[in-house]
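Enquirer: sequence? don't have it. structure:
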């Protein structure tokens, strides 16, 4: 008879433990559901399309032979930004420039702050530049401000850093 009481006591302890654990899980689930509801009701939007445009711009502008081509990036940037990017030809340096190769590797795009029709994007990549068979790898960071203009995402401002 003592064996049954001992088994009954162990069973009651196990059931009590499981009941308490279940209650803890329910509380955690409620907290998680509340956090999800707060995120869904917040004013911040994440515009994944802007990140895709930023990635295409980085690949188009920093992956070239000779120099970047305006026609490859003009669909991603505003008219003000296209003026800040350097596409001008200089006959004195054109021969030397044709020997330059630039490639992008390890590109990561991070979406930052956003509001209704604006999105900040950070691009982190390694820019491999080759001149006269001399390769150099440069850690590169570009901060992009994108706006939805007429249904299209365009880069309206940028900051570029290389180390």
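Expert: Nice, I can see it. Every value quoted in this text rests on a predicted model; they were computed, and no experiment measured them. Residues are numbered from 1 along each chain as shown.
Enquirer: which regions of the chain sit below the pLDDT cut-off?
Expert: 1, 39-44, 88-98 (pLDDT under 70).
Enquirer: run through the strands of it in chain order.
Expert: 64-65, 101-115, 118-131, 134-149, 152-162 (DSSP state E).
Enquirer: sheet partners, orientation included, of the fourth one?
Expert: Strand pairing for strand 134-149, determined by DSSP bridges: strand 118-131 (antiparallel), strand 152-162 (antiparallel).
Enquirer: which of the strands of the chain sits most buried?
Expert: strand 118-131 (a mean of 18; mean count of other CB atoms under 10 Å). For the C-beta atoms, the positions are set from N, CA and C on the backbone; glycine is no exception.
Enquirer: quick one, what contacts the most centrally placed residue in the chain?
Expert: Nearest to the mean C-alpha position of the chain, by CA atoms, centre = their mean, lies residue 110 at 1.8 Å. Neighbour list for residue 110: 121-124 [criterion: CB atoms under 8 Å, 6 or more residues apart in numbering].
Enquirer: tabulate the strands paired with strand 134-149 (JSON lines), appending distance to residue 35.
Expert: Output for the strands paired with strand 134-149, formatted as JSON lines (distance: least, CB to CB, whole Å):
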{"stretch": "strand 118-131", "distance to residue 35": "23"}
{"stretch": "strand 152-162", "distance to residue 35": "29"}
